[in-house]
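*Asks:* please find the sequence and the predicted model below.
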Amino acid sequence: MKITSIKSETDDTKIFRFKYTTDERMDFKAGQFVMVHDIQVEKDGEKKKVNRAYSIASSPGKDFIDLVIKEEHPGLTSSYWVNKVKKDQEFEIKGPYGKFMYTEDVKGDVVLLGAGSGIAPLRGIAQFITEKKLPVKVFLVFSNKTSRDIICKSEFLDMEENNDNFEVHFTVTREPEDSDWEGRRGRIDYEFLEDSIGFLENKVFYVCGSKEFGTGVIDLLKEHGVSEEKIKKEIY
């Protein structure tokens, strides 16, 4: 696949759009991931090729897929993507993989719980439900360190404005005290969930983010009566 556009989302995050270079299309479900092969990076003066898994950050059925990549520290491969990868580069991409997915067979309203670059598959799920105009209520609860780190902020606000069944709730955990941020501050807790989505019953939860974030949110849901089968998780 060839990169046809690169969009800077935050100071350290970019969205890479890949278009197919053959007639073959990837038949994936919203939320799944792909493997990108032979990414050429350099370490200690030596070049080597590595393979990495990335969640698909766009909905199925298009002639492209989006990948959201955030530069991590240390992060040899993510730094390569954010600082060196250019438009028109081609990569071998294999997939789809993973059981973290949303299909029209899922019953109940959907709660998307993400942190940082964990937004990638949740974006794909939100796009899919919105584009298909499914009669499903979607709540996106998105945690970031600061307001400058919120990936796809304007996109989600537009989605909320144009879709009566979509709500977005942001929170930041390390926002400077003197900033002009007027939204919520602090980690996701039960009070925030109750204020954001109401009752936890009759909902399916998709959790994506770091191990610390994912474990904390999943434990919180279970403590308040959400059963294992109602929680889908993608932890990295």
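*Replies:* Good, I have the coordinates.
*Asks:* ok, which stretches of this structure are helices?
*Replies:* 76-84, 119-131, 153-162, 190-197, 211-223 (DSSP state H).
*Asks:* out of those helices, nearest to residue 180?
*Replies:* Among those, the nearest to residue 180 by C-beta to C-beta is helix 153-162 (14.5 Å). Backbone N, C-alpha and C define where each C-beta goes, glycine included.
*Asks:* what residues sit buried inside the closest one?
*Replies:* By neighbour count with 16 or more other C-beta atoms under 10 Å, helix 153-162 contains the buried residues 153, 156, 159, 160.
*Asks:* what's in contact with that helix?
*Replies:* 123, 126, 130, 140, 142, 166, 167, 168, 170 (C-beta atoms under 8 Å, 6 or more residues apart in numbering).
*Asks:* and the strands in the protein?
*Replies:* Along the chain, counting by DSSP state E, strands occupy 2-10, 13-19, 33-43, 46-55, 64-70, 92-97, 109-115, 138-144, 166-172, 184-185, 203-209, 231-235.
*Asks:* who are the packing partners of the fifth one?
*Replies:* Secondary structure elements in contact with strand 64-70, counted by 3 or more C-beta pairs under 8 Å, 6 or more residues apart in numbering; DSSP states H and E, are strand 2-10, strand 13-19, strand 33-43, strand 46-55, helix 76-84, helix 119-131.
*Asks:* tabulate the buried residues of helix 153-162 (TSV), appending distance to residue 223.
*Replies:* Below are these laid out as TSV (distance: C-beta to C-beta, whole Å):
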residue	distance to residue 223
153	30
156	27
159	30
160	28
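*Asks:* now, which of those sits nearest residue 33?
*Replies:* residue 156 (20.8 Å).
*Asks:* what about residue 206, distance to residue 233?
*Replies:* Look at residue 206 and residue 233: by C-beta to C-beta, to the nearest Å, they are 8 Å apart.
*Asks:* which one's more surrounded, the two?
*Replies:* Ranked by neighbour count (other C-beta atoms under 10 Å), residue 206 and residue 233 place residue 206 first, with 25 against 17.
*Asks:* that one and residue 221 touch, don't they?
*Replies:* No - using C-beta atoms under 8 Å, residue 206 is not in contact with residue 221, being 11.2 Å away.
*Asks:* would you mark the buried spots in stretch 133-149?
*Replies:* Buried-residue list, stretch 133-149, by 16+ other C-beta under 10 Å: 136, 137, 138, 139, 140, 141, 142, 143, 144, 147, 149.
*Asks:* between those residues, which sits nearest residue 179?
*Replies:* Once C-beta to C-beta is applied, the member of these that ends up nearest residue 179 is residue 147, at 6.8 Å.
*Asks:* which one is the closest one nearest to, not counting chain neighbours?
*Replies:* Distances taken as C-beta to C-beta, 6 or more residues apart in numbering put residue 181 closest to residue 147, at 4.6 Å, once the chain neighbours are dropped.
*Asks:* on that earlier part again, of the helices of the chain, which stretch is the most buried?
*Replies:* helix 119-131 (a mean of 25; mean count of other C-beta atoms under 10 Å).
*Asks:* helices and strands around it, which ones?
*Replies:* strand 46-55, strand 64-70, strand 109-115, strand 138-144, helix 153-162, strand 166-172, strand 203-209.
*Asks:* contacts only, for residue 3.
*Replies:* By C-beta under 8 Å, 6+ apart, the residues touching residue 3 are 16, 17, 18, 85, 86, 87, 88, 89, 90, 91.
*Asks:* what is the burial count for the fifth one?
*Replies:* This means residue 86. 7.
*Asks:* what of the second one?
*Replies:* Applying other C-beta under 10 Å, we find 19 other residues in the vicinity of residue 17.
*Asks:* now it. Nearest residue, chain neighbours left out?
*Replies:* Spatial nearest neighbour of residue 17, chain neighbours left out: residue 5 (4.4 Å); criterion: C-beta to C-beta, 6+ apart.
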